[in-house]
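> Pasted the sequence and its predicted model underneath.
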Amino acid sequence: MPRTARKGAETDLYHVIVRGTGRQIIFEDDTDRRRYLRLLSHDLTEHEGALLAWCLMDNHVHLLFHMPLEEVSALMRTLGSSYALWFNERHDRVGHLFQGRFRSEPIESEAYLLTVVRYIHQNPLKAGLCTTCDEWPWSSYRSYLRDEKDARLQELIDCDLVLGLLGGTTEFEQFHLIADEAAPCLDMDRATSRRFIPDEEALHVARAALCETRPEEVCALPRPRRDEALRTLRGARLSIRQIERITGVSRSVVSRACRMRVTMGTEV
């Protein structure tokens with residue numbers, strides 16, 4: 001069966017997840033975690049990419065890249081191969097470490113970018129591994145607060161885009177206090193064949209993706225903000241028909257807005 005082609009983003013922003021085969025542990029201890037991050041740092045330099053957020057869980061990893069899709073693919077192949085060889089040798093095991101190829105989702109709006117950053121940092125919280133984001137040492141959350149003791153971890157992350165969108169570290173902390181249970185972000189446990197959100201979940205997903213803007217307010221927004229909101233909803237895997245029903249904006253307008261190039265500051 002042929003592989004499904006990955007969907008590219010004009011923004012060059014991608015949320016990536018990789019998981020251990022059969023959900024097995026891929027980090028036995030902190031030595032494994034440090035090794036993975038060192039390899040990741042090296043490969044980022046080789047591929048001239050930027051990492052906007054990361055989180056290491058016991059059996060899976062979340063990464064948020066700002067780089068072309070072909071570079072993401074090349075980096076993940078090199079990183080996965082190098083780490084698997086090292087892990088197998090260190091722990092005296094054989095066979096595949098990771099479950100198939102990595103999963104990815106394109107990010108096409110500023111609002112959804114921030115939703116994904118928060119989702120990544122809240123992963124340990126939702127798993128019951130900590131009570132606040134800053135208690136988990138194996139994510140980029142502390143680097144955003146500039147209190148990361150390990151300089152190598154601080155250098156791993158490019159914080160400027162996200163902090164610029166939020167307004168600073170104080171706003172970053174406040175943003176992460178919001179419990180976003182309905183975040184429509186990529187999840188390893190979701191069915192891989194499902195392209196769009198079911199109708200019964202669409203309104204909840206829309207509210208989460210739009211943050212402070214209510215879906216019914218979208219149609220009355222000034223055109224640039226309206227079109228940005230429509231792209232945010234599309235990026236959250238809502239269909240054009242669902243967006244039309246939820247916002248009251250016609251299908252033709254939704255389609256046209258989603259075809260427009262998204263500009264996210266001077267770096268994109």
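That came in fine, so what should we check first? Residues are numbered from 1 along each chain as shown.
> Which secondary structure element is home to the residue sitting furthest away from the middle of the chain?
Farthest-out residue of the chain from its mean C-alpha position, per CA atoms, centre = their mean: Asp92, at 32.3 Å. Asp92 is part of no helix or strand, with elements assigned from DSSP states H and E.
> now swap in Leu114 and tell me
Per DSSP H and E: Leu114 is located in helix 110-126.
> who does the next helix or strand after that helix touch, helix- and strand-wise?
The first helix or strand that comes after helix 110-126 along the chain, using DSSP H and E, is helix 141-144. Counting contacts by 3 or more CB pairs under 8 Å, 6 or more residues apart in numbering; DSSP states H and E, helix 141-144 is packed against helix 151-156. The way it works is simple: take the backbone N, C-alpha and C, and place the C-beta from them, glycine included.
> can you do 10 Å?
strand 50-56, helix 110-126, helix 151-156, helix 160-166, helix 169-175 (3 or more CB pairs under 10 Å, 6 or more residues apart in numbering; DSSP states H and E).
> quick one: low-confidence ranges for this protein?
Applying pLDDT under 70 to the chain flags residues 1-8, 148-151, 180-200, 259-268.
> Do a quick rundown of the helices in it.
30-47, 69-90, 110-126, 141-144, 151-156, 160-166, 169-175, 199-210, 223-235, 240-247, 251-259 (DSSP state H).
> got the angle for the first one vs helix 69-90?
By that I understand helix 30-47. When axes from the mean of the first three to the mean of the last three CA atoms, to 10 degrees is applied, the directions of helix 30-47 and helix 69-90 differ by 150 degrees.
> now helix 30-47, how far from the chain's geometric center?
18 Å (CA atoms, centre = their mean, to the nearest Å).
> Could you give me the buried positions within it?
Buried residues in helix 30-47, counting neighbours by 16 or more other CB atoms under 10 Å, are found at 32-37, 39-40, 43-44, 47.
> What lies in contact with that helix?
25-27, 49-51, 54, 56, 58, 61, 63, 65, 67-68, 70-83, 86-87, 90-91, 137-138, 150, 152-153, 155-156, 158 (CB atoms under 10 Å, 6 or more residues apart in numbering).
> make it 8 Å
Here helix 30-47 makes contact (CB atoms under 8 Å, 6 or more residues apart in numbering) with 26-27, 50-51, 54, 56, 61, 63, 67, 71, 74-75, 78-79, 82-83, 86-87, 90, 138, 152-153, 155-156.
> Mark which of those residues are buried, thanks.
So, by 16+ other CB under 10 Å, the buried ones in the contacts of helix 30-47 are 26-27, 50-51, 54, 56, 61, 63, 67, 71, 74-75, 78-79, 82-83, 87, 138, 153, 156.
> Ile240 and Cys258 touch, don't they?
Yes: counting by CB atoms under 8 Å, Ile240 does reach Cys258; the two are 7.5 Å apart.
> Now the common contact residues for the two.
By CB under 8 Å, 6+ apart, the residues touching both Ile240 and Cys258 are Arg234.
> where's the residue nearest to Thr247 when sequence neighbours are not counted relative to Arg38, distance?
Excluding the flanking residues, the one nearest Thr247 by CB to CB, 6 or more residues apart in numbering is Val218, at 4.1 Å. Val218 sits 44 Å away from Arg38, going by CB to CB, to the nearest Å.
> got it, and Asp92?
Counting by CB to CB - Asp92 and Arg38 are separated by 21 Å.
> Also Gly49?
16 Å.
> With Trp138 instead?
Applying CB to CB to Trp138 and Arg38 gives a distance of 13 Å.
> ditto for Gln99
Noted for Gln99: a distance of 23 Å to Arg38, by CB to CB.
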